[in-house]
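Chemist: okay, here's the prediction I keep looking at, along with the sequence it came from:
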Amino acid sequence: MGDMKKIINSPDNVVADSLKGLELAHSDTLRIDHENKVVYARRGAVKGKVGLVSGGGSGHEPLHSGFVGPGMLDAACCGEVFTSPVPDQMMAATSEVDGGAGVLHIVKNYTGDVMNFEMAAEMANAETGVDVRSVVVNDDVAVQDSLYTAGRRGVGATVFVEKLAGAAAEAKASLDEVERIAKEVNDRSRSYGIALTSCTVPSAGKPTFDLGEDEIEVGIGIHGEPGRERRPLVTADELAAELVEPILADLDFSGEPVFAMLNGMGATPMIELYLAYGEVAAILEAKGIKVARCLVGNYITSLDMAGCSLTLTQGSEELLKLWDAPVNTTGLRWGC
């Protein structure tokens, strides 16, 4: 196994074994189809509610399985580590969560995910007539095309899309409305990430890339894809500026209340994440940007990568109400 130290049995069974534990830990709120590797809210399809399905490669937890439950997703399809789920999984999830009001797929912009979700939507529609829409999340400002992506990568905004579209669906908004909100949240969101170390994919057994002791990689993705460039390690205040500047250069966040997420990549301790958020908040305040709601913690990770990402979303009165609406998932929970 070389230098790899992980709490696993076999690299081949990491996802299946983890889903067993997830079910045992949360059997009161989650139900898991182990054959298809789909995580469902225990309550099942809700009549008259738009069903929300997301998913992607495993290794980004709590995304997506940690966001399944009332007020957020109805189902999450779990691929192998950093590998897109297959259309059969998505088909099963789509028909299972269909409460008669249509289904929305929330898809991160990676070639395999987009292709497979598209195929599943067509197959589900042909089979049962269910109206399936999809929103592709592409909020990463770092690079235009990447290893697994045409256009921009889908990263942290996925959490906000799932929360806000989920709140709208919970309030029995129509499929048109839920789709509009999901697209609006994506359009109003931008993200940027920085790595202090690589991650190690269990089946590979060694780090995806090598960073020197005194180096950081800026503009990284969530699968160990290359970033914009390597830089010498800097202090937290300079690091915060590195996170904020590319985002503000891409979209104007003044005027509206802003949602912010300072997200850990999996191996960075909370003490550092809060420290980083303090620096980010100071920069935003100095620029007259008002943070109305924020999340600090591990929400969309990259296995054991050390580092963090920042996501900013332009809020609105409507989006603030949807943010504050109750949510009850293992990864996000309030108001319930």
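Modeler: That came through fine.
Chemist: only C-alpha atoms for contact and neighbour calcs from this point on.
Modeler: OK.
Chemist: quick one: residues contacting the closest residue to A150 other than its chain neighbours.
Modeler: Once flanking residues are discounted, A150 sits nearest to T111: 6.9 Å by CA to CA, 6 or more residues apart in numbering. T111 is in contact with Y148, T149, A150, counting by CA atoms under 8 Å, 6 or more residues apart in numbering.
Chemist: again with Y110
Modeler: By CA under 8 Å, 6+ apart, the contact set of Y110 is Y148, T149, A150, R153, G154.
Chemist: mind doing that once more with 6 Å?
Modeler: Y148, T149 (CA atoms under 6 Å, 6 or more residues apart in numbering).
Chemist: which element is L19 on?
Modeler: Assigned by DSSP states H and E, L19 belongs to helix 14-25.
Chemist: I'd guess D88 is in a helix, am I close?
Modeler: Yes. Checked against DSSP: H, G, I helix; E, B strand; the rest coil, D88 lies within a helix.
Chemist: spatially nearest residue to it, not counting backbone neighbours?
Modeler: With sequence-adjacent residues excluded and distances taken as CA to CA, 6+ apart, D88 is closest to A120, at 7.0 Å.
Chemist: give the contact list for that neighbour.
Modeler: By CA under 6 Å, 6+ apart, the neighbours of A120 are P87, M90, M91.
Chemist: turn these into JSON lines, columns for distance to L164, neighbour count and pLDDT.
Modeler: Shown next, in JSON lines, are those (distance: CA to CA, whole Å; neighbours: other CA atoms under 10 Å; pLDDT from 0 to 100):
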{"residue": "P87", "distance to L164": "25", "neighbour count": "21", "pLDDT": "98"}
{"residue": "M90", "distance to L164": "21", "neighbour count": "30", "pLDDT": "98"}
{"residue": "M91", "distance to L164": "23", "neighbour count": "22", "pLDDT": "97"}
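Chemist: wait, which of these is closest to L332?
Modeler: Using CA to CA, M90 is the member of these that lies nearest L332, at 23.0 Å.
Chemist: let me see the contact set for that closest one.
Modeler: A120.
Chemist: for L52, see how far away it is.
Modeler: Look at M90 and L52: by CA to CA, to the nearest Å, they are 11 Å apart.
Chemist: of the contacts of A120, closest to G193?
Modeler: For the contacts of A120, the nearest to G193 is M90 (28.5 Å; CA to CA).
Chemist: now do the strands in the stretch 1-150 of the chain.
Modeler: Counting by DSSP state E, counting those that start in this stretch, one finds strands in the stretch 1-150 of the chain at the ranges 30-33, 38-41, 51-58, 75-81, 103-108, 132-137.
Chemist: by contact count, what packs against the third one?
Modeler: Under the contact criterion of 3 or more CA pairs under 6 Å, 6 or more residues apart in numbering; DSSP states H and E, strand 51-58 touches strand 75-81, strand 103-108.
Chemist: again with the fifth one
Modeler: Judged by 3+ CA pairs under 6 Å, 6+ apart, strand 103-108 is in contact with strand 51-58, strand 132-137.
Chemist: most neighbours among the contacts of T111, please name it.
Modeler: With neighbours taken as other CA atoms under 10 Å, the top of the contacts of T111 is T149, carrying 19 neighbours.
Chemist: do you know the pLDDT at the closest residue in space to that residue that isn't next to it in sequence?
Modeler: Of all residues not flanking T149 in the chain, Y110 sits nearest, at 4.7 Å (CA to CA, 6+ apart). pLDDT recorded at Y110 is 96.
Chemist: tell me who's in contact with S58.
Modeler: The neighbours of S58, taking CA under 6 Å, 6+ apart as the test, are C78, G79, E80, V81, F82.
Chemist: repeat for L320
Modeler: With CA under 6 Å, 6+ apart as the criterion, no residue contacts L320.
Chemist: would you say it is within a helix?
Modeler: Yes. Judged by three-state DSSP, L320 forms part of a helix.
Chemist: so how far is C294 from it?
Modeler: If you go by CA to CA, the gap between L320 and C294 works out to 11 Å.
Chemist: where does pLDDT dip in the protein?
Modeler: For the chain, applying pLDDT under 70 flags the ranges 1-3.
Chemist: now the helices for it?
Modeler: Ranges of helices in the chain, per DSSP state H, are 14-25, 87-96, 111-128, 157-170, 175-187, 236-250, 270-286, 317-324.
Chemist: most tightly surrounded among those?
Modeler: Highest mean neighbour count of those: helix 157-170, a mean of 26 (counted as mean count of other CA atoms under 10 Å).
Chemist: per-domain residue ranges of the protein.
Modeler: With domains defined by automatic domain parsing, the chain comprises 15-187, 189-327.
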